[in-house]
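Asks: fold the following, please.
(one chain, ligands or ions: 1)
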Amino acid sequence: MSPPVFRFAPSPNGRLHLGHAYSALLNEKMAREAGGRFLLRIEDIDRPRCTDALTEAMLADLAWLGLAWEEPVLRQSEHLPDYQAAQRRLRDKGLLYPCFCSRRDIALATAETGERDPEGQPLYPGTCRHLSAEDRSRRLANGEPHAWRLAMDKAVASIGVPLYFSEEGSSVPAQAEAWGDVVLARKDIGTSYHIAVVVDDARQGVTQVVRGRDLFHATSIHLVLQHLLGLPTPRYLHHALIDDAEGRKLSKSLGSKSLADLRAEEVTAQDVWQALGFE
Ligand code: GLU
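Replies: You can find the predicted model right below:
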């Protein structure tokens, strides 16, 4: 049997904090204990927020922590055409539609319903889903800025069977409909976290996704995309966030400072492991 494959997949849009360190150390420890592989993936599709300088700083922080990962490191900014190809496949299946709404349009439209997605953001009411084919073509031909959204109920219906994911060994039913028509290609960058994460977990042969609990609900979206694109579904473990209860205790000693700040204060990597419960 091939060894399990773990990955740590940070977005370099700022310096790393203790929460990142926890996730990275947990992935590395689980991989080591399972005789598995530990990969690092830089989720830097969001240019210019995710800069090369921040990526380099992040790699230095991870090395300082004492982590070792397999080379080469996958940088998502170098694979944008792959995410676009996956989007095209979904578009060819008739599951995506262009959305011309601004944030303000969405806020206004949802002010009445008050409906929220699982992350508490306004639930997109499907405004652009109802545009006529002529309107759509005209606006696209005019080069109007647009995102591409997944017609979620259609996508779920096309799969036709209930989806489940394995979370720490238990089977969890996916509830993707609660997200409504999520954006798969953002207006500003032409792609999205959801598409990139499923394409790359499959490309890298990731078998165990270990990440923060903030991404638990998004897993339902990932499941739908994996099924639509014929990609395997890894096993999942969503760990507690270091900035909740446990983190508050921690923050008394180490604070919500970045690893770089802690390093400058002569905190050692070993102090960080200990504070995070890795020794
Ligand atoms: N890049 C994401 C983040 O930094 C994590 C993605 C994942 O682990 O699936 O929040």
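Asks: Arg91 is in contact with Trp148, isn't it?
Replies: Yes - using C-beta atoms under 8 Å, Arg91 is in contact with Trp148, at 7.0 Å. Where C-beta positions appear, they are placed from N, C-alpha and C, glycine not excepted.
Asks: those two: who's more crowded?
Replies: Trp148 (23 against 17; other C-beta atoms under 10 Å).
Asks: contact partners for that one?
Replies: 87, 91, 96-99, 183-185 (C-beta atoms under 8 Å, 6 or more residues apart in numbering).
Asks: quick one: which of these sit in helices?
Replies: 87, 91 (DSSP state H).
Asks: so which of the contacts of Trp148 belong to strands?
Replies: The strands, defined by DSSP state E, take in 96-99, 183-185 from those.
Asks: tell me the pLDDT of whichever residue of the stretch 51-200 of the chain sits closest to the ligand.
Replies: The ligand sits closest to Val197 of the stretch 51-200 of the chain, with a gap of 4.8 Å, by C-beta to the nearest ligand atom. For Val197, the model assigns a pLDDT of 98.
Asks: can you check Pro234 too?
Replies: 98.
Asks: and whichever helix or strand Ile106 is part of, what's buried?
Replies: Secondary structure from DSSP states H and E places Ile106 in helix 103-113. Within helix 103-113, the residues scored as buried using 16 or more other C-beta atoms under 10 Å are 106, 109-110.
Asks: what would the ones in strands among the contacts of Trp148 look like in CSV with neighbour count, distance to Ala60 and pLDDT?
Replies: Listed next are the ones in strands among the contacts of Trp148 as CSV, based on neighbours: other C-beta atoms under 10 Å; distance: C-beta to C-beta, whole Å; pLDDT from 0 to 100:
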residue, neighbour count, distance to Ala60, pLDDT
Leu96, 23, 39, 98
Tyr97, 20, 43, 98
Pro98, 19, 41, 98
Cys99, 22, 39, 98
Val183, 18, 33, 98
Leu184, 24, 33, 98
Ala185, 24, 32, 98
